[in-house]
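1. Take this sequence and fold it.
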Amino acid sequence: MAGPPADAWSELRRVMDQAQAAEVIAASAAKISRMESGHVSCRVIDVRLLMAAYGETEREKVARYEELAKTSKRRGWWLEHAAHLRADYLDHISLEDDATYIREWQPVMFPGLLQIATYAKASIEAGLGYVAPERIEKLTQVREGRQAKINEGGATYTAIVWEPVIKHPLVDADIHREQLAHTLEAGKRKNVTIQVLPFTAGAKAAMTSAFASFSFDSEPTVEAVTLDNLRGTSVPEAADDLTAAEQQGRHIVTLTS
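-> Got it, this is the predicted structure:
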């Protein structure tokens, strides 16, 4: 169990909708939905804030739900790093951790779920703006932590990269070669597929920003999406956005053939 039972959330939420509940904990409505269904873990502070917003004042019930959140086996490993991460990045990691299928498109660099530590550090250092060394170390640890689910076979993962990612290093050549070797090894896993979109895709690749799509059931239907942007990551939730992401992902796959 990932926190309070689903029927309890549904009963408590009669006073507000998912979008309003999401505002209470500065998260997405998609996360509220997954909390209610038991697909994502709940932090104690989330439980406390939501129950207060729902108007629940029975101390014993609040304490019981908080205890469920504390002892949840699915409690997010990344929370210990939360002070160093943006809220949108935390949402992205939560989606990854809950997903059964992950498809990722990266036109610029190797995806975080495939990056070796030296590549991760070098790519962070090469980014826009100064990042303190201690934060670079934390961010690298988080990227390694994200990879555990893929390495353990906990999700089916497809990474699609544009050919320049492979042929035009963004980092030191030696690090780039190590990253290539690691990517080839990762691609041998049964749950990992790596596809390369050729140079000839041209504008279609250059004009498609990096994104990731997620499924949470036995079928790879897109249920959530994250998009890279200049300020970090966005989590679009409209049905049209999810449909567009699924179609874009399929289109990119056809171009790799």
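
2. quick one, phi psi at the closest residue to Ala22 other than its chain neighbours?
-> Sequence neighbours aside, Ala29 is the residue nearest to Ala22 in space, at 4.6 Å (criterion: Cβ to Cβ, 6 or more residues apart in numbering). For glycine as for every other residue, the C-beta is placed from the backbone atoms N, C-alpha and C. With angles defined as degrees, to the nearest 10, Ala29 sits at phi -60, psi -30.

3. Just the pLDDT for Ala29.
-> Looking at Ala29, its pLDDT stands at 75.

4. That one: what's it in contact with?
-> Gln18, Ala19, Ala21, Ala22, Glu237 (Cβ atoms under 8 Å, 6 or more residues apart in numbering).

5. These: which two are farthest apart?
-> Ala21 and Glu237 (13.1 Å; Cβ to Cβ).

6. what about those two, which has more around it?
-> Neighbour totals were compared for Ala21 and Glu237, and Ala21 leads with 25 against 17 (other Cβ atoms under 10 Å).

7. Against Trp78, how distant is that one?
-> The gap separating Ala21 from Trp78 is 21 Å, by Cβ to Cβ, to the nearest Å.

8. And for Ala19?
-> 24 Å.

9. Which one's more surrounded, the two?
-> Under the criterion of other Cβ under 10 Å, the comparison of Ala19 against Trp78 puts Trp78 first, with 18 against 11.

10. Just give the closest residue to that one, not the sequence neighbours.
-> For Trp78, the closest residue by Cβ to Cβ, 6+ apart turns out to be Ile93, at 5.0 Å.

11. Repeat that for Thr118.
-> In this structure, Thr118 finds its nearest non-sequential neighbour in Ile175, 4.9 Å apart by Cβ to Cβ, 6+ apart.

12. how about the strand or helix carrying that neighbour: buried residues?
-> For Ile175, the host element (DSSP states H and E) is helix 173-186. Applying a neighbour-count criterion of 16 or more other Cβ atoms under 10 Å, one finds Ile175, His176, Glu178, Gln179, His182, Thr183, Ala186 buried in helix 173-186.

13. can you give me the strands for the stretch 151-257 of the chain?
-> Counting by DSSP state E, counting those that start in this stretch, the stretch 151-257 of the chain has strands at residues 156-162, 192-197, 211-215, 224-229, 232-234.

14. Between those strands, which one is closest to Ala83.
-> strand 232-234 (16.0 Å).

15. pretty sure Phe199 is touching Glu163, no?
-> Yes. Here Phe199 reaches Glu163: they are 4.9 Å apart, a contact under Cβ atoms under 8 Å.

16. just to revisit the earlier point, the contacts of Ala29 in helices, which ones?
-> Judged by DSSP state H, helices contain the following of the contacts of Ala29: Gln18, Ala19, Ala21, Ala22.

17. Setting aside sequence neighbours, what's the nearest residue to the second one?
-> If the residues on either side of it in the chain are set aside, Ala19 comes closest to Ala29, at 4.8 Å by Cβ to Cβ, 6+ apart.

18. Relative to Gln20, how far out is that neighbour?
-> 9 Å.

19. follow-up on the earlier one: okay if I get the ones in helices among the contacts of Ala29 as TSV plus distance to Ala126 and pLDDT?
-> Shown next, in TSV, are the ones in helices among the contacts of Ala29 (distance: Cβ to Cβ, whole Å; pLDDT from 0 to 100):
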residue	distance to Ala126	pLDDT
Gln18	38	80
Ala19	37	82
Ala21	39	83
Ala22	34	81
